[in-house]
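K.L.:
build the 3D model from these lines:
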Amino acid sequence: MKIMIIGSMRFAKEMLETKEKLEQLGHTAEVPCDTDLHVQDPNLRNDFERDAAHVKENNIMHRCFELVAESDAVLVLNHKHNNVDGYVGASALMEAGLAAYLGKKLFLLNPIASTERYRHEFDVLGGVCINGDLIKIA
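P.N.:
Purely as a prediction, here's the structure:
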């Protein structure tokens, strides 16, 4: 299965690790095209102006949407962040929404906390929570 991994760039390193694990399980996996850059320059995500310019100049959102469209499934990496279990950012919400609209399988790595900002939206989108177990992706 071809899987697009999405999530906050705060989890860029985890995205690359998950990509490797999925490929070891026999899947084809993709990550956002600037994931390596965020691992190399973790301060990029904390500099709003520089990050916004990077996203705009490199057409990152469009490229991520294309990867979602080309995939069979989307895996949302939603680790704990800022004391929020199952953190999901706005970009991941947009990409998950596109996946749902296109009829792609949607997987959540972890449950989303009831206090998470986009919990309601993910309840509507659906998806299968795999509770951290990549083997459950089928």
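K.L.:
contacts, neighbours, all on C-alpha from now
P.N.:
Fine.
K.L.:
check whether the residue nearest the centre of the chain sits in a helix, strand or coil.
P.N.:
Closest residue to the average C-alpha location of the chain: I6 at 1.3 Å, with C-alpha atoms, centre = their mean. Of the three states, I6 takes strand according to DSSP: H, G, I helix; E, B strand; the rest coil.
K.L.:
identify the residues contacting it.
P.N.:
The neighbourhood of I6, defined by C-alpha atoms under 8 Å, 6 or more residues apart in numbering, consists of 15, 31-32, 74-77, 92, 95.
K.L.:
same check on A12?
P.N.:
35-36, 38-39.
K.L.:
now, the contacts of I6 that are in helices?
P.N.:
15, 92, 95 (DSSP state H).
K.L.:
distance of the most far-flung residue of the chain relative to its centre relative to K56?
P.N.:
Relative to the centre of the chain, the most outlying C-alpha is that of E49, 21.8 Å out, by C-alpha atoms, centre = their mean. Applying C-alpha to C-alpha, to the nearest Å, the value for E49 to K56 is 11 Å.
K.L.:
which stretches of this structure form helices?
P.N.:
Applying DSSP H to the chain gives helices spanning 12-24, 35-40, 48-57, 60-70, 90-101, 119-125.
K.L.:
quick revisit: please identify which pair of the contacts of A12 lies farthest apart.
P.N.:
Longest distance between any two of those is 6.5 Å, between T35 and V39; criterion C-alpha to C-alpha.
K.L.:
now do the shared contacts for those two.
P.N.:
Counting by C-alpha under 8 Å, 6+ apart, the shared contacts of T35 and V39 are 12-13.
K.L.:
follow-up on the earlier one: which one of the contacts of A12 sits closest to I137?
P.N.:
Nearest to I137, judged by C-alpha to C-alpha, of these is T35 at 22.1 Å.
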